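Visitor: Structure of the sequence below:
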Amino acid sequence: MPYPLRLEYPGAVYHLTVRTNRAEPVFAEPEAVAHFFEELGAACTKTGWRVHAYCALPDHAHLVVETLHPNLVTGMKWWLGTFTHRYNRRRGLRGHLFAGRYRAVPVAPATAYFRDACLHVLLSPARLGLLATDQPLAAYPAGSLATVLGLPSACPPWLVVDRLLAACGWQTDSEAHRRAWAEALEALRQQPEPPHWRALRRGWAFGDAAFRRALLDQMRAQTGRGRARSAAPHPAREELGRALLAEELERRGWTLEELARRRKGDPEKVRIAQRLRRETTLSLRWVAEVLHMGSPFTLRNALQAAARSSPVTDHPTSPRPAPAAFPAARRRRHAKPTAPTPAGPEEPPPRLVAPADEAFNVTWD
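Guide: Numbers count the residues shown, from 1 in each chain. Next up is the predicted model:
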């Protein structure tokens, strides 16, 4: 099955999660953490990325990255590949360092969603119990919070905190402001995690309905007919299916009640099902349930009957042209074996070197 699509567009903000292979504690070593973010800085220089928050936990890392150009895949390939190669070379190892694909959840540019994505990263050491109750968040060394609260002027050029500070209404231009920011984060640490933050771990997008609709339009453009199809994350597939269903109902002037009232094999229902199956990767069971068409087998039979009654004419059935004759050089290899001919007088083999009194003229059988 193809991997889900990577949605890339200028100015995109992503919540990235990178996990190590077999949950190995790669980032428990300070040296590995330093090299990891050193390579991240090089990747930002090459791609123009902006990092708003980061945190390396023992077996995975969280980041909030803004890509000014649609180059997420290119940058991640270089960053993770370079770090893996150098990590293995320093330790005499071989093989994969990271498990599967990294997670890249698009984040809405709205202030609230961007702020929550960054706070999710900064609070992750406390949420996972990597800090004692009396330890402040800034005591965790492998995160961007310690750098910002310690000495903001020493932040690397690829770490941008102004947008996060503006979203939270905080400032770091003085010691008093930095202390107030740290106290506000400690207060958030004591509160339970908001339910909508789960979309950063298991969802396909982090934003409002308008933001998800815009992403769905991009998915539909990338997975249209005539292009390589790739399965989108499951919640996105369902949302796309509901959007297509709403279009079809509006075109017919139907309501959901009218859809449920009509019989299972209604021809219009079958046409809607054909579009859902053609333009999405939703299962027969999902389509049958949402269209009130009974079991998946009933829907399958209806689709097959519709295909037989109105076959697709994009590829008309015509007799296949006769295959072109093989070139002379290949003809003998594909020729059928023939009966052996009676043995005659043995002929001398052809001479490959001409006598001195003859012109050099060799003919190959």
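Visitor: give me the element residue 54 is part of.
Guide: In this structure, residue 54 sits in strand 50-57 according to DSSP states H and E.
Visitor: Quick one: mean pLDDT over that strand.
Guide: Mean pLDDT, strand 50-57: 95.
Visitor: now stretch 248-266
Guide: On average, stretch 248-266 scores 92.
Visitor: ok, and for it, which residues are buried?
Guide: Within stretch 248-266, the residues that count as buried by 16 or more other Cβ atoms under 10 Å are 248, 254, 259, 266. Where C-beta positions appear, they are placed from N, C-alpha and C, glycine not excepted.
Visitor: Restricted to helices, list these.
Guide: Among these, the ones falling in helices (DSSP state H) are 248, 259.
Visitor: Distance from the strand holding residue 54 to the middle of the chain?
Guide: Centroid displacement of strand 50-57 relative to its chain, using Cα atoms, centre = their mean, to the nearest Å, is 20 Å.
Visitor: Stretch 102-112 too?
Guide: 14 Å.
Visitor: what's the span of it, first residue to last?
Guide: Chord length of stretch 102-112, first to last residue, is 24 Å (Cα to Cα, to the nearest Å).
Visitor: Need the contact partners of that stretch.
Guide: Outside stretch 102-112, the residues within contact range by Cβ atoms under 8 Å, 6 or more residues apart in numbering are 6-7, 11-19, 64, 72, 76, 80, 113-114, 117, 166-167, 199-200, 203-208, 211, 215.
Visitor: Output stretch 282-291 as CSV - backbone C-alpha positions only.
Guide: Extracted as CSV, the C-alpha positions of stretch 282-291 are listed here (Å, rounded to 0.1, in the frame of the first residue of the first chain):
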residue,chain,number,x,y,z
LEU,A,282,-12.6,4.2,1.3
SER,A,283,-13.7,0.6,1.9
LEU,A,284,-16.9,-1.0,0.6
ARG,A,285,-18.1,-1.2,4.2
TRP,A,286,-17.7,2.5,4.8
VAL,A,287,-19.4,3.5,1.6
ALA,A,288,-22.3,1.0,2.2
GLU,A,289,-22.9,2.4,5.7
VAL,A,290,-22.8,6.0,4.8
LEU,A,291,-25.1,5.5,1.7
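Visitor: any chance you could map the helices in the stretch 251-365 of the chain?
Guide: For the stretch 251-365 of the chain, the helices defined by DSSP state H, counting those that start in this stretch cover 256-261, 267-279, 284-291, 296-309, 328-334.
Visitor: Kindly reformat those as TSV containing distance to residue 35.
Guide: As requested, the helices of the stretch 251-365 of the chain are exported to TSV (distance: least, Cβ to Cβ, whole Å):
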stretch	distance to residue 35
helix 256-261	56
helix 267-279	45
helix 284-291	45
helix 296-309	51
helix 328-334	56
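Visitor: To residue 125, which of the ones you listed lies closest?
Guide: helix 284-291 (39.0 Å; Cβ to Cβ).
Visitor: picking that back up, can you tell me which of the contacts of stretch 102-112 are in helices?
Guide: If you go by DSSP H, these have 72, 76, 80, 113-114, 117, 166-167, 199-200, 211, 215 in helices.
Visitor: Can you pull the phi and psi angles for residue 68?
Guide: phi -70, psi -30 (degrees, to the nearest 10).
Visitor: and residue 241, what helix or strand is that in?
Guide: Going by DSSP H and E, residue 241 is in helix 234-252.
Visitor: CA-only coordinates of that helix in CSV, if you can.
Guide: The C-alpha coordinates for helix 234-252 follow below in CSV (Å, rounded to 0.1, in the frame of the first residue of the first chain):
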residue,chain,number,x,y,z
HIS,A,234,-7.6,7.5,7.5
PRO,A,235,-9.4,10.4,9.1
ALA,A,236,-8.6,12.5,6.1
ARG,A,237,-10.1,9.8,3.8
GLU,A,238,-13.3,9.8,5.7
GLU,A,239,-13.5,13.6,5.7
LEU,A,240,-12.9,13.6,1.9
GLY,A,241,-15.6,11.0,1.5
ARG,A,242,-18.1,13.1,3.4
ALA,A,243,-17.2,16.2,1.4
LEU,A,244,-17.8,14.3,-1.9
LEU,A,245,-21.1,13.0,-0.5
ALA,A,246,-22.2,16.5,0.4
GLU,A,247,-21.5,17.6,-3.1
GLU,A,248,-23.5,14.8,-4.6
LEU,A,249,-26.5,15.4,-2.3
GLU,A,250,-26.5,19.1,-3.1
ARG,A,251,-26.4,18.3,-6.8
ARG,A,252,-29.5,16.2,-6.4
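Visitor: And for residue 287, the neighbour number?
Guide: A count of nearby residues for residue 287, using other Cβ atoms under 10 Å, gives 24.
Visitor: ok now do the residue lying closest to residue 240 once chain neighbours are set aside, which residues does it touch?
Guide: In this structure, residue 240 finds its nearest non-sequential neighbour in residue 216, 5.2 Å apart by Cβ to Cβ, 6 or more residues apart in numbering. Residues near residue 216 by Cβ under 8 Å, 6+ apart: 236, 239-240, 243.
Visitor: List only buried entries from those residues.
Guide: Here, 16+ other Cβ under 10 Å leaves 236, 239-240 buried among those.
Visitor: Dump those residues to a markdown table, plus distance to residue 91 and pLDDT.
Guide: Listed next are the buried ones among the contacts of residue 216 as a markdown table, based on distance: Cβ to Cβ, whole Å; pLDDT from 0 to 100:
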| residue | distance to residue 91 | pLDDT |
| --- | --- | --- |
| 236 | 39 | 74 |
| 239 | 44 | 82 |
| 240 | 44 | 83 |
